[in-house]
Each structure stands twice: as C-alpha cells, then as structure tokens.
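1. Need coordinates for the below:
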Amino acid sequence: MNTIFIKNMVCNRCIMVIQNELNKLGLEAKSIKLGEIIFEKELTQKEKKQLEDTLVPLGFQVIDNKKSRIIEKIKNIIIDLVHHQDNHIKTNLSEVLSSELHHDYNYLSNLFSEVESTTIEKYFIAQKIEKVKELLVYDELSLSEIAFRLNYSSVAYLSNQFKKVTGLTPSHFKQIRADKRKPLDKV
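-> This next block holds a predicted model:
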C-alpha cells in the first residue's frame, strides 16, 4: 500500500473534492480521510506529478517530509475533535495526540511550535473559537449549550477566551453578525 499525505484537507467536502479529482485522473484510492489518501498500489512518478498538479490549484499540497506530515496530522486530529466530534473527549489533548501519533507530547509540541510559530494549545483554542463563531451564527444553541458542547468548564471561561481571541464578547459578535444579515426580500 502507498499513502500520500495531503495538506489543507479540513472537512468532508475536501474528501469529496479529492475523490472527484482522483476519479478524473483514473486513480483508485483504497481510502481517503483528512490529510491522507491510501492507494492499493504504488503510484508512478507520473501519477504522483499529475496528482500534485491537479491538487495544488485547488488549495491542497502533497506533503513529502516526515515533520510536515506530523504537523498536518496534529491539525487534522484537532479539527476532527473540535468540528466533527463536538469535543466530547474526557481525556486531555496531549494524551489524545500522543496516543494517536505514537510520539511523546513534548516532541509533538516542540515540533509544532518550531514549524507553525504557535503552540498546539493556541491552535486548539483558535479552532474552538471558530466553532463557537459558527454555532453563534447558526443561532440554534444558547451560550451555555455551546460551552457544554465544546467542553468549556463555564460560560464565563468561554466568554473570556472568546474575547481574548476575537476582541469581542460572544453577544457583541452575534449582534454584529445579525446586523450584517439582509432580509430575504433585500437579497
């Protein structure tokens, strides 16, 4: 089997786009998940080049060094936890990453900070705040329901973290977003 690692795959739509492009190229993947494509057979250099040439204009990138692959896996695990699993993990992030990637957390943390110029924790918080923004815009959950869903210890802690990252309170953010919406008859 042959695994190709892809940068910037962040959602199920990315997986569908990759699958569609593979179909166009006549390449059959055994599986596609965030950050990687597994093929039954080894791709030829020509097939790899075609794949890369197809994916780059779509905002994806083939990753060929080990450190970049680890960084991308860290990001994909965090994105999956925050955006696709409602963050119902009861263990801490360092344990999840160490367990999934089979590396000591200190190694992962130092590598991530060195390459990304930010910490894993700050990246995790940024993803959580993006999810909070999304949920606020949907306007289906109260702030306390959002705090619970994203595993915050309290609404106050979520609000403080939100303000620290965005410069706005959640309610002010929600109000600004509501002011920008046009009534359907004005669209």
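2. give me the element the residue most central in space within the chain is part of.
-> Computing the C-alpha centroid of the chain and ranking residues by C-alpha atoms, centre = their mean puts I79 first, at 3.0 Å. Secondary-structure element containing I79, defined by DSSP states H and E: helix 66-79.
3. Pull out the buried positions in the next helix or strand after that helix.
-> Heading C-terminal from helix 66-79, the first helix or strand you meet, by DSSP H and E, is helix 93-101. Within helix 93-101, the residues that qualify as buried by neighbour count (16 or more other C-beta atoms under 10 Å) are 93, 97-98, 101. (C-beta placed from N, C-alpha, C; glycine too.)
4. Stretch 61-81 now?
-> 61-63, 68-81.
5. how far away is T119 from D53?
-> 34 Å (C-beta to C-beta, to the nearest Å).
6. low pLDDT regions in this protein?
-> Residue ranges of the chain with pLDDT under 70: 1, 86-91, 178-187.
7. Show me how it divides into domains.
-> Following automatic domain parsing, one finds the domains of the chain at 1-64, 65-187.
8. What is the neighbour count of the nearest residue to the residue nearest to the centre of the chain once chain neighbours are set aside?
-> Leaving aside its chain neighbours, I79 sits nearest to V10 (5.5 Å; criterion: C-beta to C-beta, 6 or more residues apart in numbering). Neighbourhood size, V10 [other C-beta atoms under 10 Å]: 17.
9. The one 3 residues further on too?
-> By the measure other C-beta under 10 Å, the count of residues near R13 is 9.
10. got the contact list for the helix or strand hosting it?
-> With elements taken from DSSP H and E, the one containing R13 is helix 12-25. Contact with helix 12-25 is made by 6, 8-9, 28-29, 32-34, 37, 47, 50-51, 54-55, 58, 60, as judged by C-beta atoms under 8 Å, 6 or more residues apart in numbering.
11. Among those residues, name the ones in strands.
-> Using DSSP state E, the members of the contacts of helix 12-25 that fall in strands are 6, 29, 32-33, 37.
12. In the protein, where's the longest helix?
-> Determined from DSSP state H, the single longest helix within the chain is helix 120-138.
13. Contacts for that one next, please.
-> Against helix 120-138 from outside (C-beta under 8 Å, 6+ apart): 74-75, 78-79, 82-83, 87, 93, 97, 108-109, 112-113, 116, 141, 146, 149-150, 158, 161-162, 165-166, 170, 173-174, 177.
14. helix or strand right after it?
-> Following the chain from helix 120-138 toward its C-terminal end, the next helix or strand by DSSP H and E is helix 143-149.
15. What are the buried residues along that following helix?
-> By neighbour count with 16+ other C-beta under 10 Å, helix 143-149 contains the buried residues 143, 146-148.
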